[in-house]
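**Q** Need a 3D model of the following:
(4 chains)
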Amino acid sequence: MDPELYRMTIPLYIVTLLGIWMTAEYFFPFLNPLVPASDAIRAYASIAEGAAWGVGTAILTVAHLRRIYRQSKDPFWGYSVVYCVFFFVMFLLGIFEGLGGANFNWLLKWLIQPGDMALYSTTAFYVTTAGYRVFRFRNLDAAALLISGMFIMWSVLPLFTGPAPWIVPIAGWINNVPAVACYRGFVIGVALGIIGLSLRVWLLKHREVLA
Amino acid sequence: MPVIVPGRGLGLVVLVIVIVAILYYLRRAEGGQLARIRRLPQIDVIDEIVARCVEMNKELWFLSGQGRMTYATQLPGILSTFGILSYVTQRCAEYGAKIHHPSMLPLAYNIQFEIMREAYELAGKPEDFDPLDTILYIPVEASRPYVANESWRRKPAGGILCGFWYHYTIIHAEALQRAGAMTLGGTDTTHNIPFMVAANNYSMIGEEMYAMSAYLSKDPVLTSSLVGQDIGKYIVILLTIAGMIAGAAGVNVLSWFKI
Amino acid sequence: MAVTMGMIAGSWICIMLYTMLYGDNFVSRTAEHIYMGLIAAYRFLVNFDFYYKKGVLQAVSPGGGLFVIPVILGILIYARLHEKTRWVYRYPMAIIMGSMLGITVRTTVFSQILDQVKGNLPPIAPLVGVPPFTLVSNLIIIFGSLSAVVFFIFSQEFRGPTRYVHRFGRIILLLGFGATYGNTLSYRYELLAGTFLSNMFSPPEILPYTFGFAAAIAIILIIGFKTGLAHWD
Amino acid sequence: MTEAGEKTFFEKALDLDHRIIATIVFIIISLFILVPVSLPFPVSQYGQNYYNFVKSIPEGEIIGFMLSDTPSTRPQLESASVLTLVELWQKNVKIVFWEDEPYGPPILKDYIALAELKLGRTVEYGVDYVDLGYIAGEETGAAAFLKDIRGLTGGKDAYGNNIDSYEWMKGINSGSDWEYGFFNVACRCTEPLYVRQWQMPYGTKVGSINCAMDLPAITLYLATGQIAGTANGLLGSAEIEYLTGNIGLAFGQTLAVSFGGVYFTILVVLGNIFFFMAKAKGRPVT
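**A** Have a look, this model is predicted:
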């Protein structure tokens, strides 16, 4: 038997078969007896995904261990030590203390969660600097971005709407008319793109989706 | 028992028309009649970015977004990156540009790893593929400081961002911009496409990103499938105008959607 | 409320992570690796716990025999790590991808195409019997969204009059993007203020620790940049 | 024209270093949070209506207060809730609390402690307020509770005392026994169930303390007057702080966000001025 068959072709056909089945079952009632099976397959898929995190995490850790091992080649190996210390502390706490353990939760509550909030809020800085770079009257396109962006921002800040209450209806109009039109067109385009891509995958035209 | 679930008839019709149109144009293209397709300028941008990286002897960064493959709304965006990744990696391997891909997708990481490894093998340079650096899994939350710091240090000359994105968009795109990279960004997420358009030098908006994988495929036939998608757009336009006129004439248009 | 070690740790990690805005330096690098180590382990544990509880435990429990399937699928992903069995991982991938892609296609047609068309039609966007201003707005919504659809057409070169439709579609798209940008902007400032408040400034007793540490970090960074240990450019 | 290699002031200003921009954001945000200045602050109609509603409650009235704040929404809603309590207790209003969220009871204790600080006196359990504890069951639970309080709670409060031991509680057994009520619903993003289960059947005048993202869901009820007023998220908290003269964290936060917006506006205006100045000098600018 050609190894290509069971190595590549059969998995690709599995994608096609499952895809057409799941789509058809939504439209045709005679496929209803198969619904429990397809629900089960989706449940199995999300359970199996849980196991997938191990591969990437292990390789990341190995990459850091390699940096420590090859000290001389990479001047940044010190940081890898920091990574490994915190990784193994968290990992071992999780294993021995369980996910609800006191120390595990302490790390979660006082390091991971504030860190996540801090990182999320850094977007404020990036949005400001990007805005400074982009919001310029270069041409009509940039002007469209600039005008609607500024009006919408002013409309939610009391310091602007106080002295100039007429901003609010303008911003409301932008939000309800051009923005709606924009995302309607955008979403329809995306939907057709999704159908086209899925069909190409099902027709085995995108073999790279399974590498 | 009805043949079709009530209320889903119109959807099925639209879906079938689009699928048949795509199949028709694909078959016609396989018969030698390639459809005329507008060339997207973004394709040349990808080549330009790779060329810039080769010229400056710096890295190209590929960022494939966040999301999980088990969520139906996020999967297509992730799938669309595979074609782009395959093309970019091959180009980089051929021309000798280094590519770095911090992948934030735990499951798709496996596929992306194999895509990149195969692309390097195809280019005949498997030794250039470093499994611990060319592609590296970075937990998605930690990718924010990672990209900001690491791009500042390595100063990549080019960046390509695509896939499904959360608020990370602006951080990653701005970080690459600050490092002096020329970036191309695209996503299908409504909340983050504005930042892709604003912060990157070039952008792929929504469907353009999906079309990209057809353009970049080695098989020129695939671009013809885009004509099938256009048929879907014409259906939308026709349906809207017909509904508008019928609605103005007093017809209850909503009943169309309950077929 | 007393200041605890935890509050100080939370405040300090925030300050350290914020230094990533000042380019690559040892403070932000250290914070990055602390954070990455913790989050990598945490994400792995949480997801593996899900796999173990929903998969392995259910499989061994009575009546859950079929849950052997996801357990095996999960293990097969790891086959990739060995050169000879590399191809095996495609099977779990194919099952995950296939089942989810079907769901996407079937819901996309309704939520992303038909519902959007419905939104352009009466009674949601009526054209008859409405005040003139609403009529104009509704016409802009309808023709704006159609122009935005036209913007994505690939099989036409936009020359002649169609060029203007294409252009109008682009302007509409950019107006919408600008609106989201503006909305997000104020929300992000609120988020920043909220983070400052909940992690660094409250309870007020923590202020000396926060500002003391921030000052120390600032001094360290200035020394670093002056001596060239950290790179300004 | 300057020499080719040398950048004009405008061009330099156009590539203003991002770190300077970021540092100023840091300074603005933390300054206004820590040192909120009292500026003439435009109070929205929502905030004014809510304040008027609180003011309209007569001295010594007995009211119902559903408090289900959560830790994540607390930064937004704390000020509005605490200051409402302060205003009420200044008028010796007696409050019956209950919570439909497990997070509610500990947060209530915090809020009462904070209100005591602001009030300058201690409030006494059983005299100023009674806590009926956590009522499970979301909408059905709330409906049953409002129909027959003693039936659902067994006549006991959160601490197991008989509620009839408090003289003023004797006449209270259903939603209709309160003329005024408040609900703090945190972020539910749903149609407000307390309008359906409390205001509509019993005609109680209710005020709402909710997150800003819930506003679209309740504007309808505000327009019809079914909700008498809303303290709408952080902005609502800031407005109440401003109106009651207790300028604090929420006001500072709103001020910080507003000044962040002012700063961004200034940046964009300057960016455009520099852009056209540089362009006028005939230099290629991006």
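**Q** Whatever residue of the stretch 51-200 of chain B ends up closest to chain D: neighbouring residues, count only.
**A** Going by CB to the nearest CB, chain D is nearest to residue B:178 of the stretch 51-200 of chain B, at 6.2 Å. Where you see a C-beta, it was placed from the backbone N, CA and C, and this is true even at glycine. By the criterion of other CB atoms under 10 Å in any protein chain shown, residue B:178 has 19 neighbours.
**Q** and residue B:102, that one's in a helix?
**A** No. Residue B:102 sits outside any helix when classified using DSSP: H, G, I helix; E, B strand; the rest coil, being strand.
**Q** Please, where are all the helices along chain B?
**A** B:9-30, B:41-56, B:75-95, B:108-122, B:143-154, B:168-178, B:193-199, B:207-216, B:225-248 (DSSP state H).
**Q** rewinding a little: contacts only, for the spatially closest residue to the residue of the stretch 51-200 of chain B closest to chain D that is not a sequence neighbour.
**A** The shortest distance from residue B:178 to any residue other than its chain neighbours is 6.2 Å, reached at residue D:18 (CB to CB, 6 or more residues apart in numbering or on different chains). Residue D:18 is in contact with A:125, A:129, B:174, B:178, C:21, counting by CB atoms under 8 Å, 6 or more residues apart in numbering or on different chains.
**Q** what's the most distant pair in those residues?
**A** Among the contacts of residue D:18, the pair separated by the greatest distance (CB to CB) is A:125 and B:178, at 11.2 Å.
**Q** Taking the stretch 1-150 of chain D, what residue is nearest to chain A?
**A** Proximity of the stretch 1-150 of chain D to chain A (CB to the nearest CB) peaks at residue D:42, 2.7 Å away.
**Q** surely residue C:44 meets residue A:55?
**A** No. In this structure residue C:44 lies outside contact range of residue A:55 using CB atoms under 8 Å: 10.0 Å.
**Q** What's the local residue count around residue 154?
**A** In the absence of a named chain, this looks at chain A. 22.
**Q** wrong chain, I was asking about chain C
**A** Using other CB under 10 Å: residue C:154 sits among 22 other residues.
**Q** May I see the helices of chain B organised as CSV, with mean pLDDT added?
**A** Shown next, in CSV, are the helices of chain B (pLDDT from 0 to 100):
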stretch, mean pLDDT
helix B:9-30, 93
helix B:41-56, 94
helix B:75-95, 93
helix B:108-122, 92
helix B:143-154, 92
helix B:168-178, 93
helix B:193-199, 92
helix B:207-216, 90
helix B:225-248, 92
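**Q** Could you point out which of those sits nearest residue A:183?
**A** Among the helices of chain B, helix B:193-199 sits nearest to residue A:183 (CB to CB), with 9.2 Å.
**Q** Scan chain C for its longest helix.
**A** Ranked by number of residues, the top helix in chain C under DSSP H is helix C:162-195.
**Q** Beyond that helix, next helix or strand please.
**A** Later in the chain than helix C:162-195, the nearest helix or strand by DSSP states H and E is helix C:207-227.
**Q** That following helix: which residues count as buried?
**A** C:210, C:211, C:213, C:214, C:217, C:220, C:221, C:224 (16 or more other CB atoms under 10 Å in any protein chain shown).
**Q** so what does it touch, helix or strand wise?
**A** helix C:5-18, helix C:26-50 (3 or more CB pairs under 8 Å, 6 or more residues apart in numbering or on different chains; DSSP states H and E).
**Q** which residue is nearest the centroid of chain A?
**A** Nearest to the centroid of the C-alpha atoms of chain A, with distances taken as CA atoms, centre = their mean, sits residue A:120, at 14.0 Å.
**Q** Burial check on the residue nearest to residue D:170 when sequence neighbours are not counted, number of neighbours?
**A** In this structure, residue D:170 finds its nearest non-sequential neighbour in residue D:164, 6.0 Å apart by CB to CB, 6+ apart. For residue D:164, the count of nearby residues is 11 (other CB under 10 Å).
**Q** and if you look at residue D:31?
**A** 15.
**Q** next one: residue C:159
**A** Residue C:159: 8 neighbours (other CB under 10 Å).
**Q** so what pLDDT did it get?
**A** With respect to pLDDT, residue C:159 has a value of 86.
**Q** How much space separates it from chain D?
**A** Distance, residue C:159 to chain D, by CB to the nearest CB, to the nearest Å: 28 Å.
**Q** In contact with that residue, which residues are there?
**A** No contacts exist for residue C:159 under CB under 8 Å, 6+ apart.
**Q** helix, strand or coil for it?
**A** coil.
**Q** just checking, next helix/strand downstream of the longest helix seen in chain A?
**A** If you go by DSSP H, chain A has its longest helix at helix A:35-69. Remark: after helix A:35-69, the chain's next helix or strand is helix A:77-97, criterion DSSP H and E.
**Q** any bit of that following helix sitting next to chain C?
**A** Yes. Under the criterion of CB under 8 Å from any CB of the partner chain, helix A:77-97 makes contact with chain C via A:79-80, A:82-91, A:94-95.
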